[in-house]
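Peer 1: Build the 3D model from these lines:
(2 chains)
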Number of protein chains: 2
Amino acid sequence: MKIAVDAMGGDYAPQEIVRGALAGAREHDVELILVGQPQAIEAELAEAETGGIVLSLVEAPQVIGMEESPAQAVRRKKGTSIVVATRLVQEGAADAAVTMGHTGAAMIAALWVLGPIEGILRATIGTPYLGIQEETFILDGGANVDCKPAHLLQFALMGRLYAERMMGIKNPTVALLSNGAEEGKGDKAIIEAFPLLAKSGLNFIGNIEGMDIPLGRTNVVVTDGLVGNVVVKLTEGLTSRLLTVVEEELDSVLPPEILDSALRVTLAEMRKRYHYSRIGGMPLLGVNGVVVIGHGRSKAPAVVSAMGQAKRAVESGLVDSIRAGWEELTAKAN
Amino acid sequence: MKIAVDAMGGDYAPQEIVRGALAGAREHDVELILVGQPQAIEAELAEAETGGIVLSLVEAPQVIGMEESPAQAVRRKKGTSIVVATRLVQEGAADAAVTMGHTGAAMIAALWVLGPIEGILRATIGTPYLGIQEETFILDGGANVDCKPAHLLQFALMGRLYAERMMGIKNPTVALLSNGAEEGKGDKAIIEAFPLLAKSGLNFIGNIEGMDIPLGRTNVVVTDGLVGNVVVKLTEGLTSRLLTVVEEELDSVLPPEILDSALRVTLAEMRKRYHYSRIGGMPLLGVNGVVVIGHGRSKAPAVVSAMGQAKRAVESGLVDSIRAGWEELTAKAN
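Peer 2: Residues are numbered from 1 along each chain as shown, chains lettered A, B, ... in the order given. You can find the predicted model right below:
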């Protein structure tokens, strides 16, 4: 399997990306294609240990400037690393692309170069509810707002297939996130999406409320990107804040030797468990190929994890399963 | 000051409501009007200590059945306790009403009997970010979905006045909750509300993201009720879940004598600090009078707190400040 890594995308590119890509190629036993400016990449490779890695370099001369809109730049510049990496997937020269660059730019490049899966209205990115409920997946995570009922139905399908193929959950449950559990609660889009999901053949359990997410009441949480983004970021901020408060409160009541040996170690482990770098990146769902998009703040370990996501998406046939799933769902509806 | 308490509303009515109302009258030094079925109330009063309390009873013979829609029942039955209590406020026989009954029913009763403040399109209920950021107030908390930009602007004004009058915050900051910090991020309603807030004269600091709420980045968080409800309930569920995980994790590493003396005590105090009963109920904002609506699960201590909210709303002139604030804001816009 060949994975193309965008060496120029992300806050710590190219250094951390190249380091992570090499480690990822070794860990996941895949061939590595580094995409970007040859000089910059070679400078990093000169300092690295590349023995045993099947490695090639594909030139992408253009860079998106700080002052440019990344989304517009992608359309204007065919030689940027994200476009070139995506094109390798389209041409079959790579099985998957991985980027830590601008999410919007990566989505546009994927939609433009690979195209959406037939019938899919919007590509989406979800996020696992890391550390707190390991078997919960939320989508959309922020890419799509003002969603219509048909979008929510497609998110439900793609979320279900992600949970099944990538997380190994059998017949995952699917729920709509709303402001009340009963049917009829929610905004217009949720209320109208409810019957679509109910007759979709997905394992739909109805509406859930905010507290049901950390309690693990469903495997797939379907929501508009505005709400999904707030959920993910609130969870990040609140987790961090609460663990800090716990530490401060216990600081004044626990004996010092226990603070260092037990409390701080435990809280540090918890923080690590909740950290996005454990997953590293998520596949863009709904396009004709595997593109894994990670956090701009990613360092090498996140790149390693993101490559693992890419490998799993390829091996599990995620893209084909979405194509077939949508065909089946629409055939049943007609 | 006279506070009318709906003795029949809430999961633990009438017992816990009457007990709480008596304690609240004593604690806040207010006259108490208990509204409901005389027999039921008198049975509770017979077992209670009422010395020193100026107390009266107003009959409300009708009850909303389990099978009825509370919202429809309120319109059909003029003799339900929530309608009668609200009418006492409208007639000037009470300065405020407090209910732990169905939120939708209480809102409809208030809009019907007291009416909306002139120019206010939707009444709203907010919620303080209890325990985590004591100087943050979020609205709408779930009553209003599919909000338009004009609704968000009015929520901003009412939230600002709540923060100022009820929380004692000087010139509180106001922000729109979105899926990105920059102007232009958000759904259609948020994007269009942004310039309205920017020229409103409110202390508007722009968009915030989910993680900014627990970090206390703004005093007033303005959002659609769908998102607001998810934020509040997710916070409740995640806080509970994380404190449980902390306890489980530390259980295996801390010596037993410290577990009981320090850890469990500290975590129990934290849970109490985050619990809704500390506030008890929130005034419905945007109607011509003070109606405080609490949690259906409320027990006596929550009723005491809710009566404190009612007293503070009356004393601070919250209703008049909203009326004047909206006049001023619209005068400036014209």
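Peer 1: Low-confidence stretches in chain A?
Peer 2: Residue ranges of chain A with pLDDT under 70: A:66.
Peer 1: In space, what's closest to the residue most central in space within it - neighbours in sequence excluded?
Peer 2: With distances taken as C-alpha atoms, centre = their mean, A:Met282 lies nearest the centre of chain A, 2.0 Å away. Residue nearest to A:Met282 in three dimensions, not counting chain neighbours: A:Ile125, with 5.1 Å by C-beta to C-beta, 6 or more residues apart in numbering or on different chains. Backbone N, C-alpha and C define where each C-beta goes, glycine included.
Peer 1: Look up how far chain B lies from the one you found.
Peer 2: Distance of A:Ile125 to chain B, given as C-beta to the nearest C-beta, to the nearest Å: 12 Å.
Peer 1: dump the residue contacts of that residue.
Peer 2: A:103, A:107, A:139-143, A:282-285, A:293 (C-beta atoms under 8 Å, 6 or more residues apart in numbering or on different chains).
Peer 1: burial of A:Gly119, as a residue count?
Peer 2: Number of residues near A:Gly119 (other C-beta atoms under 10 Å in any protein chain shown) recorded here: 13.
Peer 1: And the strands in the stretch 151-300 of chain A?
Peer 2: Per DSSP state E, counting those that start in this stretch, the stretch 151-300 of chain A carries strands over the ranges A:174-177, A:204-208, A:220-222, A:281-283, A:290-294.
Peer 1: Of all those strands, which one is nearest B:Ile82?
Peer 2: Nearest to B:Ile82 among those is strand A:204-208 (26.1 Å), distances taken as C-beta to C-beta.
Peer 1: Packing partners of that closest one?
Peer 2: Packed against strand A:204-208 by the contact rule (3 or more C-beta pairs under 8 Å, 6 or more residues apart in numbering or on different chains; DSSP states H and E) you find strand A:174-177, helix A:188-198.
Peer 1: Relative to that strand, what are the paired strands and their orientations?
Peer 2: Partners of strand A:204-208 in the sheet, by DSSP bridges, are strand A:174-177 (parallel).
Peer 1: roughly how far out does the partner strand sit from the chain middle?
Peer 2: When C-alpha coordinates are averaged (C-alpha atoms, centre = their mean, to the nearest Å), strand A:174-177 and its chain have centres 19 Å apart.
Peer 1: Show me which positions of it end up buried.
Peer 2: Within strand A:174-177, the residues that qualify as buried are A:174-177, counting by 16 or more other C-beta atoms under 10 Å in any protein chain shown.
Peer 1: and which of the residues you listed is nearest to chain B?
Peer 2: Nearest to chain B, judged by C-beta to the nearest C-beta, of the buried residues of strand A:174-177 is A:Leu177 at 6.3 Å.
Peer 1: From A:Leu152, how far off is the closest one?
Peer 2: 10 Å (C-beta to C-beta, to the nearest Å).
Peer 1: cool, A:Asp146 as well?
Peer 2: 12 Å.
Peer 1: Comparing those two, which residue is more hemmed in?
Peer 2: In this view A:Asp146 and A:Leu152 are compared by other C-beta under 10 Å, and A:Leu152 has more residues nearby, 24 against 15.
Peer 1: if we can go back for a sec, could you identify which of the helices and strands packed on strand A:204-208 is most buried?
Peer 2: Highest mean neighbour count of the helices and strands packed on strand A:204-208: strand A:174-177, a mean of 26 (counted as mean count of other C-beta atoms under 10 Å in any protein chain shown).
Peer 1: What's the local residue count around A:Ile169?
Peer 2: 18.
Peer 1: try A:Ala23
Peer 2: Counted with other C-beta under 10 Å, A:Ala23 comes out at 18.
Peer 1: Ok, A:Glu135 next?
Peer 2: 16.
Peer 1: Contacts only, for it.
Peer 2: A:163, A:167, A:169, A:172, A:216, A:219.
Peer 1: Is there a quick ChimeraX command that grabs whichever of these are buried?
Peer 2: With 16+ other C-beta under 10 Å as the criterion, this ChimeraX line picks the buried residues out of the contacts of A:Glu135:
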select /A:163,167,169,172,219
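Peer 1: Pipe the contacts of A:Glu135 into CSV and attach distance to B:Ser240 per row.
Peer 2: Formatted as CSV, the contacts of A:Glu135 follow (distance: C-beta to C-beta, whole Å):
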residue, distance to B:Ser240
A:Ala163, 24
A:Met167, 24
A:Ile169, 24
A:Pro172, 24
A:Gly216, 13
A:Asn219, 21
